[in-house]
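fold the stuff below for me.
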Amino acid sequence: MTLDRATFQEWLDRYVAAWRSYDPQAIGELFSEEADYRYHPKDDPVHGRDAIVASWLDEPDDPGTYDGHYEPLAIDGEEHVASGWSRYFDEKGGLADEYWNIYVCRFDDDGRCRDFTEWWIRSREFARRAAETAAAGDGAHAE
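Got it, this is the predicted structure:
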């Protein structure tokens, strides 16, 4: 199914709201019963709505320590592509990490995502910091 840009944006906004709330029902409503979800294009998919919900809830981010914003970038037939950012904050609310994201989504006839693949890249500033920390030898590693 092809969504128009406005409907795709609404889905992306609900995706962020579900991430912020970690509400199992809100997460589940995003995905079809037999959806595949990949956190990285080379990962094996998490298969099925229930497994996707469980995966999201497995290691949730602490409230107030993250945010994200994603917008439609392109729609080509069934391929829906979004771009945006995910940010993570320290205990004082300062920016602690940042990623740039691309999401490729396909939807079923009910407007639920049936295939989701995430691409992400750490922002240069935080990649540099991680490399410097790793080079200093404190046991941390760069991603």
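
what are the buried residues along the longest helix seen in the chain?
Counting by DSSP state H, the longest helix found in the chain is helix 5-21. Buried residues in helix 5-21, counting neighbours by 16 or more other Cβ atoms under 10 Å, are found at Phe8, Trp11, Leu12, Tyr15, Ala18, Trp19. For every residue, glycine as well, the C-beta is placed using N, CA and C.

repeat that for stretch 122-137.
Buried positions in stretch 122-137, judged by neighbour count with 16+ other Cβ under 10 Å: Arg122, Phe126, Ala127, Arg129, Ala130.

using the three-state scheme, assign the last one.
On the three-state scheme (DSSP: H, G, I helix; E, B strand; the rest coil), Ala130 is labelled helix.

relative to Glu98, how far out is it?
Distance from Ala130 to Glu98, counting by Cβ to Cβ, to the nearest Å: 12 Å.

now for those two: what residues contact both?
Arg122 (Cβ atoms under 8 Å, 6 or more residues apart in numbering).

send me the longest helix of the chain as PDB with only the CA atoms.
Extracted in PDB, the C-alpha atoms of helix 5-21 (Å, rounded to 0.1, in the frame of the first residue of the first chain):
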ATOM      1  CA  ARG A   5       3.200  12.100   2.600                       C
ATOM      2  CA  ALA A   6       0.800  13.400   5.300                       C
ATOM      3  CA  THR A   7      -0.300   9.900   6.300                       C
ATOM      4  CA  PHE A   8       3.300   8.700   6.300                       C
ATOM      5  CA  GLN A   9       4.200  11.700   8.600                       C
ATOM      6  CA  GLU A  10       1.300  10.800  10.900                       C
ATOM      7  CA  TRP A  11       2.700   7.200  11.100                       C
ATOM      8  CA  LEU A  12       6.200   8.600  11.900                       C
ATOM      9  CA  ASP A  13       4.700  10.900  14.600                       C
ATOM     10  CA  ARG A  14       2.900   7.900  16.200                       C
ATOM     11  CA  TYR A  15       6.200   5.900  16.000                       C
ATOM     12  CA  VAL A  16       8.000   8.700  18.000                       C
ATOM     13  CA  ALA A  17       5.000   8.800  20.500                       C
ATOM     14  CA  ALA A  18       5.200   5.100  20.900                       C
ATOM     15  CA  TRP A  19       8.900   5.300  21.600                       C
ATOM     16  CA  ARG A  20       8.400   8.000  24.100                       C
ATOM     17  CA  SER A  21       5.700   6.200  26.000                       C
END
